[in-house]
Structure formats: structure tokens, C-alpha cells
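Q: This is the structure alone, sequence omitted:
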């Protein structure tokens, strides 16, 4: 967010622990970013281990439902600008949106 402030860009911060993302919104964001649900999973999260998502056999729909139900699984931040979106780490990803 510091980079966005430095660039003088207005932005809206969404805390999806307080205002959870629904499945449709999450699908739209992932589509804008060209990412799959597996691409945004936090593999070190406790829930990831508990749900045994290490297997490649877990479908995108199952992963997406888990991301909606357990927002801690979602890597952050995700920056959306118009029709594009990127994971905010590394910072170079965010710069690509300008």
C-alpha cells in the first residue's frame, strides 16, 4: 500500500476477514490476474495442511470454495486496477499495473 500512496493512486482497502469475498468476486479477481485458485493459496497456513491440499487432485472449484470459507488461505495483498489484478508480492508485480 505504501507504493500506491507514493504513486499518488487512490485505492480502496478491503479487509476480507471483515468483508469476506464471495465466490463470484474471487473468480473475477483471479480471472483478471490470470491466476488459478492454487496460485493464490498460502501453503504454510494451518488450514492448508488440515485440508490436505498438497494433492494435485483437488479441483479448482474445491480450492475456490475453501478460499471463500477460509480467507486466511488467500495470499495477500491482491491489487486490482481496472481489468487487471496482481499479487502484491513481489512489489514488481504491483509496478506492472502502472
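A: It's in. What you see is a predicted model; the values in this text were computed from it and never measured.
Q: Flag every buried residue along the one helix or strand residue 66 maps to.
A: For residue 66, the element it lies in under DSSP states H and E is helix 60-69. For helix 60-69, the neighbour count (16 or more other CB atoms under 10 Å) marks 63, 64, 66, 67, 68 as buried. C-beta: built from backbone N, CA, C; applies to glycine.
Q: Grab the nearest non-local neighbour of the first one.
A: Excluding its sequence neighbours, the residue lying closest to residue 63 (CB to CB, 6 or more residues apart in numbering) is residue 37, at 3.7 Å.
Q: Relative to residue 59, how far out is that neighbour?
A: 9 Å (CB to CB, to the nearest Å).
Q: neighbour count winner among the two?
A: Applying other CB atoms under 10 Å to residue 37 and residue 59 shows that residue 37 carries more neighbours, namely 23 against 10.
Q: Please name the residues that touch the more buried one.
A: Neighbour list for residue 37: 30, 60, 63, 64, 67 [criterion: CB atoms under 8 Å, 6 or more residues apart in numbering].
Q: Need phi/psi at it.
A: Backbone torsions for residue 37, taken as degrees, to the nearest 10, come to phi -60, psi -40.
Q: Next: residue 86.
A: phi -150, psi 160.
Q: Would you enumerate the residues in contact with it?
A: 33, 78, 79, 93, 94, 96, 97.
Q: Are any of the residues you listed buried, and if so which?
A: The neighbour-count test (16+ other CB under 10 Å) marks 33, 78, 79, 94, 97 as buried among the contacts of residue 86.
Q: about what we covered before: pLDDT, secondary structure and distance to residue 26 for the contacts of residue 86 - can I get that in CSV?
A: Below are the contacts of residue 86 laid out as CSV (pLDDT from 0 to 100; DSSP: H, G, I helix; E, B strand; the rest coil; distance: CB to CB, whole Å):
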residue, pLDDT, secondary structure, distance to residue 26
33, 93, helix, 11
78, 89, strand, 9
79, 86, strand, 15
93, 80, helix, 18
94, 78, helix, 19
96, 79, coil, 21
97, 75, coil, 19
